[in-house]
Every structure is written in C-alpha cells, then in structure tokens.
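>>> generate coordinates for the sequence data below:
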Amino acid sequence: MESQKLMGQSALITGADSGIGKGVAIAMARAGAKVLINYVHNQESADEVVHEIKEAGGEAIAFKADVSIEDDVQAMFAKHIETFGSINILVNNAGLQKDAKFLDMTLDEWNTVININLTGQFLCSREAAKLFIKQGVKNEVSNAAGKIICMSSVHEVIPWAGHVNYAASKGGINMFMKSIAQELAPHKIRVVGIGPGAIQTPINKDAWETREALNKLLTLIPYGRIGQTDDIGKLAAWIASDDADYITGTTIFADGGMTLYPGFADNG
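Numbering: from 1, shown residues only. As a prediction, this is how the structure comes out:
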C-alpha cells in the first residue's frame, strides 16, 4: 500500500476536474488527504473525480467557484472548513489559455488569463493563509501550519511568443510565490511552485494528438517523453508532505529537461 504521508490532512485543489488538477487530487487522496475538487464549468467531470477518489476509499467533495471572484473563493473556503473542519494544503492549479499574436490580442483575452491564472492564486492564497495562521501548527498533523502550492509552468522562465498573456501570468506567479513565501515563512507556512513542462492534458491536445505533432514536441524535451498528470500529482503530494518540510520559496520544474533549452545542445 502507498505511504499515507498526508493522512489527517485536507487539501483544496482549484481546477481539479481535469488535467493536472485531477492528477494532483487523486495523488493527494492516495496519500491520505481529504480533498475539495474545485471546478467552474464541468460539474460532471468534477463529480467523476470525486467518485474515483471515493471508490478508492478516500474522501472528497466537489465545489463550483470562479477563482477570480472574491465571493466565490470565500464561499469555497467556508464550504471546505464546514466539511473537513480545517485545511492544511492549498493547490493553486486553476488556469487557462486564450492564445493570440501580441498585436491581435484583445484586452479581454489578456484580462481573462491574468484574472484566472494570477489573481485567482492571490485570492485563494490569501484565504488559505488566514486560516493557516488561525489554526497554527499541529505537529501531530504536519510540521507546517499550512502548505500552498502554486502551479506555474516552464513559461515562467521560457518566453512564449503568441502566448504573452499566459507567459506573463506564469512569470507573475513566480514572483508572487516567492514574495508570499518570504512573508509567510515566520508563520510556518510553506509556499512552493511547480513548473510543469509539456503534460498530456486537454489544454495542449493539439501538441500531442498526432504522431507528427508529438514528434515535434519531443524535440523540446531532452528526456524523450511527454509528461503525465501523475508525474505532477506525485510531486505535489511530496511537496505537501513533511518530507519536503525545509523547502519554501522556490519553483520545482518537472519538465523532462525542457528548461535546459535543448536547441543549444548541439550548438555550443
């Protein structure tokens, strides 16, 4: 049986009805955490994740909230506390893309991505931090008062033409994560970023659904395979555990070497 390193803890995971968020929710439930599955549109998919976790013996609920709306976020955290009694882990995973060339990008396309990807992390992290400080450290549960995981991307460091709103949001997440980590560390709250590379999810289906597209993508990945949601899920569960208790204020990249800039491998 897999180690239950998160037993007795609960995790709120935004955008957990599909893709990386779903992978994180399943991995954390597998590690013993009770989880809230946040979604904004697809209740059926969220309910399926809850069902999968319960079938495996875990505890989970689904809750609809737009992370860019303050009232929604506060209602979601209230529901989490009402259901599970406390909160130990927040995973800021909700994110989207609205791609366009820079000169063609509309203000709405810019604002939508920044509001969900960056402002959503601000609103959720602020609510979580308030609760973590109020609860304090319970050593029988965790060495930390709380853990915040900020889902970022390799594009917090790799520029991405045609995706300036997305790349800007991820670059913002990097400095947001570091700044709140600095501020919250004295409260025994850890804040860590995860920078996935190319992960096989619906958001990037065009990049892997054909052999030609996948082969082109793999030229950017020295390790020679596309990532899976479980790669990120297992990393998130480890970060949230006391095994990673001395880690805060940094991004851990899980990208098969994409941040090694493979285009320079034979051009030194």
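>>> from here on, just use CA atoms for contacts and neighbour counts.
Will do.
>>> quick one: the helices in the protein?
Taking DSSP state H to define them, one finds helices in the chain at 19-30, 43-55, 70-84, 107-114, 120-135, 164-184, 211-218, 229-240.
>>> most packed of these?
Among the helices of the chain, helix 19-30 has the highest mean neighbour count (mean count of other C-alpha atoms under 10 Å), at a mean of 26.
>>> what's it packed up against?
strand 10-13, strand 34-39, helix 43-55, helix 229-240 (3 or more C-alpha pairs under 8 Å, 6 or more residues apart in numbering; DSSP states H and E).
>>> what pLDDT does Gly268 get?
On pLDDT, Gly268 comes in at 60.
>>> er, Asp206 actually
For Asp206, pLDDT reads 76.
>>> now the helix or strand of the chain with the lowest mean pLDDT - C-alpha only, CSV.
In the chain, no helix or strand scores lower on mean pLDDT, DSSP states H and E than helix 211-218, which sits at a mean of 90. What follows is helix 211-218 as a C-alpha-only set of coordinates in CSV (Å, rounded to 0.1, in the frame of the first residue of the first chain):
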residue,chain,number,x,y,z
ARG,A,211,2.4,11.4,-34.2
GLU,A,212,3.7,14.4,-36.2
ALA,A,213,2.8,16.9,-33.5
LEU,A,214,4.2,14.7,-30.7
ASN,A,215,7.5,14.2,-32.6
LYS,A,216,7.8,18.0,-33.0
LEU,A,217,7.1,18.5,-29.3
LEU,A,218,9.6,15.9,-28.3
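>>> quick one, which of the helices of the chain gets closest to Pro196.
Between Pro196 and the helices of the chain, the shortest gap by C-alpha to C-alpha is with helix 229-240, which sits at 7.1 Å.
>>> then the closest one to PDB, C-alphas only?
Output of helix 229-240 as PDB, limited to C-alpha atoms (Å, rounded to 0.1, in the frame of the first residue of the first chain):
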ATOM      1  CA  THR A 229      -0.600  14.200 -14.800                       C
ATOM      2  CA  ASP A 230       0.600  11.600 -12.300                       C
ATOM      3  CA  ASP A 231       4.200  13.000 -12.600                       C
ATOM      4  CA  ILE A 232       2.900  16.300 -11.300                       C
ATOM      5  CA  GLY A 233       0.400  14.700  -8.800                       C
ATOM      6  CA  LYS A 234       3.100  12.700  -7.100                       C
ATOM      7  CA  LEU A 235       5.400  15.700  -6.900                       C
ATOM      8  CA  ALA A 236       2.600  17.800  -5.400                       C
ATOM      9  CA  ALA A 237       1.900  15.200  -2.800                       C
ATOM     10  CA  TRP A 238       5.500  15.000  -1.800                       C
ATOM     11  CA  ILE A 239       5.900  18.800  -1.600                       C
ATOM     12  CA  ALA A 240       2.800  18.900   0.700                       C
END
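>>> which other helices and strands does that helix contact?
helix 19-30, strand 146-151, strand 189-196.
>>> okay, the ones you listed in CSV with mean pLDDT and distance to Ile87 next?
Formatted as CSV, the helices and strands packed on helix 229-240 follow (pLDDT from 0 to 100; distance: least, C-alpha to C-alpha, whole Å):
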stretch, mean pLDDT, distance to Ile87
helix 19-30, 98, 13
strand 146-151, 98, 8
strand 189-196, 98, 12
